[in-house]
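K.L.:
Here is my input, please return the structure:
(2 chains)
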2 protein chains.
Amino acid sequence: MCLAVMFLVDWITALITFLVIIALYLFVSYRNPDVNWGSSTQAQTYISALKTTLDLNTVEEHVKNFRPQLLVLTGSPGSRPPLLDFAQSITKNISLLACGHVMQGPQSQRVRNSLSRQAYSWLHRHKIRAFYSLVEGNSLEEGARNLFQLVGLGKLRPNTVLLGYKANWRKCDRQELKAYFNTLHEALDMYFGIAILRVPQGLDYSQIVEDEDTPVMMNGNDTSLARVVEEKPGQSAANQLTHDGADSEASSPPGSPQVERAAVVNEEAARDKQKHRLSIANLYRGAGGVELSKDVLNNITMFKRKQKKSTVDVWWLYDDGGLTLLVPYILTTRSQWAGCKLRVFALANRKDELDMEQRSMANLLSKFRIDYSDVIVIPDVAKKAAESSRMEFDQLIEDFKAKTDEEISKENEGILISEAELLGQREKTNRHVRLRELLLENSRNSSLVVMTLPMPRKSSVSAPLYMAWLETLTRDMPPFILIRGNQTSVLTFYS
Amino acid sequence: MCLAVMFLVDWITALITFLVIIALYLFVSYRNPDVNWGSSTQAQTYISALKTTLDLNTVEEHVKNFRPQLLVLTGSPGSRPPLLDFAQSITKNISLLACGHVMQGPQSQRVRNSLSRQAYSWLHRHKIRAFYSLVEGNSLEEGARNLFQLVGLGKLRPNTVLLGYKANWRKCDRQELKAYFNTLHEALDMYFGIAILRVPQGLDYSQIVEDEDTPVMMNGNDTSLARVVEEKPGQSAANQLTHDGADSEASSPPGSPQVERAAVVNEEAARDKQKHRLSIANLYRGAGGVELSKDVLNNITMFKRKQKKSTVDVWWLYDDGGLTLLVPYILTTRSQWAGCKLRVFALANRKDELDMEQRSMANLLSKFRIDYSDVIVIPDVAKKAAESSRMEFDQLIEDFKAKTDEEISKENEGILISEAELLGQREKTNRHVRLRELLLENSRNSSLVVMTLPMPRKSSVSAPLYMAWLETLTRDMPPFILIRGNQTSVLTFYS
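P.N.:
Numbers count the residues shown, from 1 in each chain, chains lettered A, B, ... in the order given. Modelled structure (predicted):
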C-alpha cells in the first residue's frame, strides 16, 4: 500500500514540476514581451487580446467601475511630454490612454505609417503604455470630432478628453482659437468629460526637443522621411494646440513656482537625481543632438518626479458627476503625489450657511471614502472684484472687443466680443475675476489646483471671452487643471 | 515515515482541490460572461483586455501571423446579415471583425448611443463576435476614409475592407456611384486589402427585416427612439451601399442558383432544419413582426448553413500578395465549406506554356501547403469575345456614354464614359467580357467564385466603366467575391 502511495507521490511531483515549468514560461514571456518566442506565442497574444476585448463588450458598465479613460490631444506624443506624463499618472496602465493626433491632410500612407511607428517607438522608449491614433482633418475641430467618434474598440474607448491649455490664444490665428473652442463643444456634445491642463512653462516642446532616436520597431528605411515630417510642425494642427512663443521658451525666470519646486526636490535627493538626469538627458535632446539645460529637462519631466510636499487644491464649484473630485483623488494615490494633501474648496450660497455647507461636504467626502485633509467653504464669491483685478481682465479682452455691432459679420462671428455679450456675461465675468482673487489668496502655493471648468455655452459666450475667463483663473498659478465631467455620476456611496 | 508521506498526500490533495475550484470558477466565468460576478471581476476583465491589447503593440508583425482582419461596411449590422455571416466565417473569433457604419451627420449623441447599443445587441443575439464603429460623414467616401484611419486599437486594427457589391449602380444617384468607387480608392490608398461580395439575391435586408427585439444591454428607456432611427433608412449612407430595388425583392425566381442550393440542402437535413428554422424565424421578422417566407429566411441565412458540395473556384489573375488565395483557403477550413473542393484557375501567358504554368502553379500551392483539388490553366484570355457578349456589355454602359466630349464637365467628371476612355480601355474591357465567357464555362455551378479584383485606376477609368466590368464578371453567377490584396505577401513557404 505504501508503494501505491509513493507511486502517487511520484506522479504528483511530476505533475507539479510540469505546472511549475508552464508557470515559469508564462511568467517569463509575460515579463519580456519583446523577446521573440516564435510566431505561435505572437499569435496567442493576438488571440488573447482580441478575446478579452470582445468579452468586455458583454460586461455591463457600473458606476463603481468607472475609470477616467483618457484621449489626450498630444499631437505626436513626443511634442508634449508633460501632458502625457500627467495623463499616465491618472491612468497608470489600469485605464485606457490614447494619444490623438490631428494632421493637416491628406498625407500619403507612407507618412502616416512613419508617424505611427515613430509614435509607438517614442512611447516605448519613455515607458508609457498608450495607444496612438492619427487622423487627417482640415482643422483641429474636424479631426478631433472624428477622433471622439472612433478612437477605441468596443468598451476600450475613452470617456474623457485631456487637452493642453492654449496659452497663445491671444496671438494665434483667430480661426485656430475658434477651432480650439469648438473642439471643447464637440467633446461636450459627445458626452465626454473634459480636462484642460496648464503648467507655468507651457506643454509644447516640439520646437525644443528633437526626436533623435530611430524608431525601434520600424524597418529602418523610413528614417529620413520621418525626420522630414518631424521638422514640419506646421503640418500638425494639434501641434499648435498649446504652443505659445513666450510660454514655450521653457526657461523659467528665477522665483517662478516651477523653479521653486525643482529646488525642493533637489534638496531631497540630489545624488539619485544626478544619475537619473543623465538617463533623462539621453532621452531628450535638443536640435542637432545638443544636451538640454537642466531647467528645460526639469520642466519636461516635471510630472515624472515626486511633487513638492504641499496640497492638491480641489475647487469643486458645480456638481459635474464627480470627475473633478475623482481625478485629484486618483492622483494622490500615486507615488509622485503621495506627499500632497487633498483640500476641497466649495462655495457657500449664503454667508450664514457656512458651517452647514462645510459639514455636509465633509459628510459627503467621508461617504465617498475620499481621504481629504481639509474642507474649506468660501463665502462672498458674488462680491464685486477689486478694481485692479477688473482692469487686468479688461486688458485681456482689449484686442477682441468689437468696435461696433456691424463689425460682427458672419465671418468673424464668435471671435469678437460684442458689448451685448459683455453685458450679458457681466456677472459670470465678475465671478471668474473674483475666483482669481480667492485662488491667489488660498492656492498660490499648492502643488496642483483642480477646478471645475466653466461651461462653454456656444450660443452666449464667444471664444475669446471664454478663453479670457480661463486665462484669469489659471495665469501665474501652479500646475492647474480644469475639469468637467459629463454629469454622469462617477462616484457613489452605495455599497 | 509513512505518516509523513500521508501528511504530504493530504496536503497535496488540498492544494489540488483548491486549484480545481479556482479553475472551475474561471471556467464558469469564462463561459458566462453575462452573469454578474460583481464589480471586481468586471474590473479584471477590463484590465486584462487593456493589458493584452497593449502587450500586442510590442509584438512584431510577421508574414506567418498574417490574418485577414476585416472592416465590413455593413451599415447597422442588422441590415446586411449575409455579408456579416460571410465575414464571420473568415475571421471566426480568431481575427478582428469590425462593422463600419457611415451615417449622415450630425446626429445627437442620444441617437448615436442608441444605434450603438442596438448594434451590439444584434451582434449578441446573432452570436457574432464583432465590434461596431459608427461615424458621421457627408458621403460614404468621407465617412469610410475616417473609418479606415481610426477603426481599431493598436495592432487590433483591420487590414482588409469587405464591402457588399453595389447592385443598384446603374439606377442610383450618380454621386452615390462615385462615392462607392472613391471608397475603393480610399481603401487602396491606405494599403487595405479589398473584398467585394456579391450574392444573387442581394445583401441588403434593411427594408425587409425589422429589428424587433429591444436591445439586451440597454437601459430600456430608448426603445422608441431606436425604432424611429431604424425606420429612417435614408439617414444611413452605408444603407444604400448594396441596395437595389430588383435585387432586394429577395424572392428568387425558381431555377435561380440560390433556390437550387436551398433544395440541395433541404434534401440533406429536412427535419433538423425545421427545428432550426423556427429559431431563425424568431430571429428575423418582417415589418410589424410578421413571419418571413421560407425563401427570404433561406437567403438571409445562406452563409450560416452548410454550403452545397461543389467547388470553390479561385481565379488568381494577378499576384496581389496572396490574399485572393488565402481567403478561400481559410473558408474551406470552416465547417460550412468543408464539403467544397478548392480549384485554382490561372491564365497562361502563351499557349505553348500551358503545361509549365500548371506545374509551376501546382508546385507553388504545394509549397504553401494549400490543399487544392485541381489547377486549371486557361489559355486564350486575350482572344476577342463573342459578338453577343460584347453587345451585352455595351448595353450595360449605354446610359453612361457621353454624347459629346463637351458634356464631360467638372461636375460630372468620372461619372460619364468618354469615347477616348472606351478606346483606351478597349483591351481591358474585352478581357473582362472574355473572362465572363470563361467563368460561365467553368464556374457556373461552383459554390463560390473568388477572383482577383480589377484595379480601379482613378486617372484612366471612370466609375461606371469600372462597375460595368464588375457587373460583367459577377452577374448571374453563384456567390462571387472579388479580392485584392495590398501587394504585401500574406503567404510564405519559408519555414
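
K.L.:
Now for A:Tyr165, how many residues are close by?
P.N.:
25 (other CB atoms under 10 Å in any protein chain shown). The way it works is simple: take the backbone N, C-alpha and C, and place the C-beta from them, glycine included.

K.L.:
likewise A:Ile21?
P.N.:
10.

K.L.:
Looking at it now. What's its pLDDT?
P.N.:
Listed pLDDT for A:Ile21 reads 82.

K.L.:
Same question for A:Ser248.
P.N.:
37.

K.L.:
And for A:Thr404?
P.N.:
pLDDT, A:Thr404: 75.

K.L.:
Likewise for A:Tyr165?
P.N.:
With respect to pLDDT, A:Tyr165 scores 97.

K.L.:
Could you do the one 3 residues further on as well?
P.N.:
Predicted confidence (pLDDT) at A:Asn168: the value is 94.

K.L.:
now the one 4 residues further on
P.N.:
As summarised for this prediction, A:Cys172 has a pLDDT of 94.

K.L.:
residues near it, how many?
P.N.:
A:Cys172 has 18 nearby residues by other CB under 10 Å.

K.L.:
is it true that A:Gln201 touches A:Asn299?
P.N.:
Yes. A:Gln201 is within contact range of A:Asn299, at 4.7 Å (criterion: CB atoms under 8 Å).

K.L.:
What are the buried residues along the helix or strand A:Asp10 falls within?
P.N.:
For A:Asp10, the element it lies in under DSSP states H and E is helix A:2-31. In terms of neighbour count (16 or more other CB atoms under 10 Å in any protein chain shown), helix A:2-31 has its buried residues at A:Ile12.

K.L.:
same question, stretch A:125-142
P.N.:
Quick answer for stretch A:125-142 (16+ other CB under 10 Å): A:126, A:128-137, A:139-142.

K.L.:
residues in contact with the closest residue to A:Trp469 other than its chain neighbours?
P.N.:
Nearest residue to A:Trp469, sequence neighbours excluded (CB to CB, 6 or more residues apart in numbering or on different chains): A:His432, at 4.5 Å. A:His432 makes contact with A:Phe393, A:Pro454, A:Trp469, A:Thr472, A:Leu473, according to CB atoms under 8 Å, 6 or more residues apart in numbering or on different chains.

K.L.:
Can you lay out those as JSON lines showing neighbour count and pLDDT?
P.N.:
Below are the contacts of A:His432 laid out as JSON lines (neighbours: other CB atoms under 10 Å in any protein chain shown; pLDDT from 0 to 100):
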{"residue": "A:Phe393", "neighbour count": "20", "pLDDT": "95"}
{"residue": "A:Pro454", "neighbour count": "19", "pLDDT": "94"}
{"residue": "A:Trp469", "neighbour count": "26", "pLDDT": "96"}
{"residue": "A:Thr472", "neighbour count": "22", "pLDDT": "96"}
{"residue": "A:Leu473", "neighbour count": "21", "pLDDT": "96"}
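
K.L.:
What's the separation between A:Ser89 and chain B?
P.N.:
16 Å (CB to the nearest CB, to the nearest Å).

K.L.:
State the helix or strand in which A:Gln201 lies.
P.N.:
Using DSSP H and E, no helix or strand contains A:Gln201.

K.L.:
Tell me the confidence at it?
P.N.:
92.

K.L.:
what's the distance between it and B:Val72?
P.N.:
In this view, A:Gln201 and B:Val72 are 48 Å apart by CB to CB, to the nearest Å.

K.L.:
quick one: the helices in the stretch 51-200 of chain A?
P.N.:
Assigned by DSSP state H, counting those that start in this stretch, the helices in the stretch 51-200 of chain A fall at A:81-91, A:109-125, A:140-150, A:174-189.

K.L.:
Stretch A:368-380 near chain B at all?
P.N.:
No. Stretch A:368-380 lies out of reach of chain B by CB under 8 Å from any CB of the partner chain, never closer than 14.9 Å.

K.L.:
Quote the end-to-end distance of that stretch.
P.N.:
End-to-end distance of stretch A:368-380 (CA to CA, to the nearest Å): 28 Å.

K.L.:
before we move on, the earlier item: which stretch among the helices of the stretch 51-200 of chain A is buried most, on average?
P.N.:
A comparison of those by mean neighbour count, using mean count of other CB atoms under 10 Å in any protein chain shown, puts helix A:140-150 on top with a mean of 25.

K.L.:
mind checking how far that one is from the chain centre?
P.N.:
17 Å (CA atoms, centre = their mean, to the nearest Å).

K.L.:
follow-up on the earlier one: need the max-distance pair from the contacts of A:His432.
P.N.:
By the measure CB to CB, A:Phe393 and A:Pro454 form the most distant pair in the contacts of A:His432, at 13.9 Å.

K.L.:
out of A:Gln201 and B:Val72, which sits in the busier spot?
P.N.:
Ranked by neighbour count (other CB under 10 Å), A:Gln201 and B:Val72 place B:Val72 first, with 28 against 24.

K.L.:
isn't the more buried one right up against B:Thr91?
P.N.:
No. Between B:Val72 and B:Thr91 there is no contact under CB under 8 Å: 9.4 Å.

K.L.:
Find the residues that touch each one of these two.
P.N.:
Counting by CB under 8 Å, 6+ apart, the contacts common to B:Val72 and B:Thr91 are B:Leu97.

K.L.:
Show me what residue of the stretch 301-450 of chain A gets nearest to chain B.
P.N.:
Ranked by CB to the nearest CB, the top residue of the stretch 301-450 of chain A for proximity to chain B is A:Ile330, at 14.2 Å.

K.L.:
Which residue, other than its chain neighbours, is closest to that residue?
P.N.:
Closest to A:Ile330 by CB to CB, 6+ apart is A:Ile90, at 5.8 Å.

K.L.:
give me every residue that touches that neighbour.
P.N.:
Contacts of A:Ile90 (CB under 8 Å, 6+ apart): A:Pro68, A:Leu70, A:Val327, A:Ile330, A:Leu331.
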